[in-house]
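Trainee: kindly return the folded structure for what I paste below:
(one chain, ligands or ions: 1)
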Amino acid sequence: MNTKLIDFIKQLYGTNEFIPLHAPTFSGNEKKYVAETIDSTFVSSVGEFVTRFENDIAVFTGTAKAVATVNGTAALHTALYMSGVKRGDLVITQSLTFVATCNALYHMGAEPVFVDVSRTSLGLCPIALEEYLENNASLNFDGVCVYTNTKQVIRAVMPMHTFGHPVELDEILSVCKKWNLTLIEDAAESLGSYYKSAHTGTVGDFGALSFNGNKVITTGGGGMVLCKSVESGERTKHVTTTAKVPHPYEFYHDEPGFNYRMPNLNAALGCAQMESLVKFLASKRELAMKYKSFFEDTEFQFVDEPEYGSSNFWLNAVICTDRHSRDELIKTTNQSGIMTRPIWQLMHTLPMYNESKRGDLTNSEFIGQRLVNLPSSPLG
Ligand SMILES: *Cc1c(COP(=O)(O)O)cnc(C)c1O
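Mentor: Residues are numbered from 1 along each chain as shown. Predicted coordinates for the structure are as follows:
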């Protein structure tokens, strides 16, 4: 089976050379736009590409306002700050995620609380969320959701759309409403993914995208905060740009802001990448469907998009029967020059988060031991 898969992947990419997990594609105006910033000298914090890139993303996702940042972690950090997360607060998220999700809330002085994921979406499970809150939380006199034992405020819920597969947002949102919790979406992996007809990252009060080199499109490094209202978008822009009050020459700042603005040089790359996004998404879907039919009637279960939404298929994945078969698959493919990877180690097993509060994590552990990511760059 593993040799058949190796041949299949080499054939897909038409090469015997090393095949990475996800490589960026620069086939449009990337060089031209980047060169324009250099020719104009506006490579840094002033320049037109940032505004253009923000508008492109706002239009594509249908969000009220998008604010570009230096990376996705900074976008998450900003979204948490804008949501009023305070030192000592709790934020509910997944243990099955990339470490940036937890690091962002850690740097707000908040603590993660881990709730299980769904076996279909690989993202936060609304039933597990409701159950966790029923067992551990209560609403105080002011209607604020608190962790019953310690009276710590549970401020927000931050699901992550794993590998681009949308979580069940309606169900999660209704739990959030019942418990007065803010919904922040870690949409770092899901540019081009939709929950029903809504772009991921636009259902919660805030969403965060990443444009790291391995994501669907890249700005080298970069991120974006998706804001549900124009007003919150304007305040987000203000706090990510040192909270400077506009003035021709005076330096007056009205709160402790972040220096998270995306440089114009990176935004230029982003504008060019946006011109290819629809093409990348079509190509990634085509690739995913090829993997899907390859794995039909095998012992490997292909991770398909959930029926209520559409995925960007950022990273294709299969679930192996057990840990041994996972390790075999990873070993044989990598030895043949095909990059495959296990999923991230669960957050509650990392030293800095192993004391964190958590619910039952059966599905996270099941997936954690069996999932393998496959090469997913758009086909040429
Ligand atoms: C990529 C990613 C981020 C953000 O990463 P940056 O490298 O900071 O842009 C955040 N969360 C998840 C789940 C990611 O995959």
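Trainee: what parts of the stretch 1-150 of the chain come near the ligand?
Mentor: Selection of the stretch 1-150 of the chain residues close to the ligand by C-beta under 6 Å from any ligand atom yields N71, G72, T73, T97, F98, A100, T101. Just so you know, the C-beta spots here come from the backbone N, C-alpha and C atoms, and that holds for glycine as well.
Trainee: between all of the residues you listed, which two are separated the most?
Mentor: N71 and T97 (16.0 Å; C-beta to C-beta).
Trainee: re earlier: can you put the residues of the stretch 1-150 of the chain next to the ligand in a markdown table and add distance to E168?
Mentor: What follows is these, written out as a markdown table (distance: C-beta to C-beta, whole Å):
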| residue | distance to E168 |
| --- | --- |
| N71 | 28 |
| G72 | 22 |
| T73 | 25 |
| T97 | 16 |
| F98 | 20 |
| A100 | 22 |
| T101 | 18 |
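Trainee: now, which of those sits nearest I217?
Mentor: G72 (12.3 Å).
Trainee: wait, the closest one sits on G223?
Mentor: Yes: between G72 and G223 there is a contact at 3.9 Å, judged by C-beta atoms under 8 Å.
Trainee: what is in contact with those two at once?
Mentor: Common neighbours of G72 and G223, counting by C-beta atoms under 8 Å, 6 or more residues apart in numbering, are A188, A208, L209, S210, F211.
Trainee: those residues: which ones sit near the ligand?
Mentor: Checked against the ligand using C-beta under 6 Å from any ligand atom, these give the following subset in range: A188, S210.
Trainee: in TSV, list the shared contacts of G72 and G223 along with pLDDT.
Mentor: Converted to TSV, those look like this (pLDDT from 0 to 100):
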residue	pLDDT
A188	98
A208	98
L209	98
S210	98
F211	98
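Trainee: if we can go back for a sec, now, which of the residues of the stretch 1-150 of the chain next to the ligand sits nearest E305?
Mentor: Relative to E305, and with distances defined as C-beta to C-beta, the nearest of those is T97, at 18.6 Å.
Trainee: and the stretch 201-350 of the chain, which of its residues are near the ligand?
Mentor: Counting by C-beta under 6 Å from any ligand atom, the residues of the stretch 201-350 of the chain lying close to the ligand are S210, N212, G223.
Trainee: which residue does this protein have closest to the ligand?
Mentor: Proximity to the ligand, evaluated over the chain using C-beta to the nearest ligand atom, is greatest for G72 at 2.6 Å.
Trainee: for that residue, give me its contacts.
Mentor: Under the criterion of C-beta under 8 Å, 6+ apart, the contact partners of G72 comprise A100, A188, A208, L209, S210, F211, N212, K215, G222, G223.
Trainee: if I look at the residue nearest to it when sequence neighbours are not counted, how far off is K32?
Mentor: For G72, the nearest residue in space outside its immediate sequence neighbours is S210; the separation is 2.7 Å by C-beta to C-beta, 6 or more residues apart in numbering. Distance check for S210 against K32: by C-beta to C-beta, to the nearest Å, it reads 24 Å.
Trainee: comparing the two, which residue is more hemmed in?
Mentor: Neighbour comparison, S210 and K32: the larger count goes to S210, with 30 against 10 (by other C-beta atoms under 10 Å).
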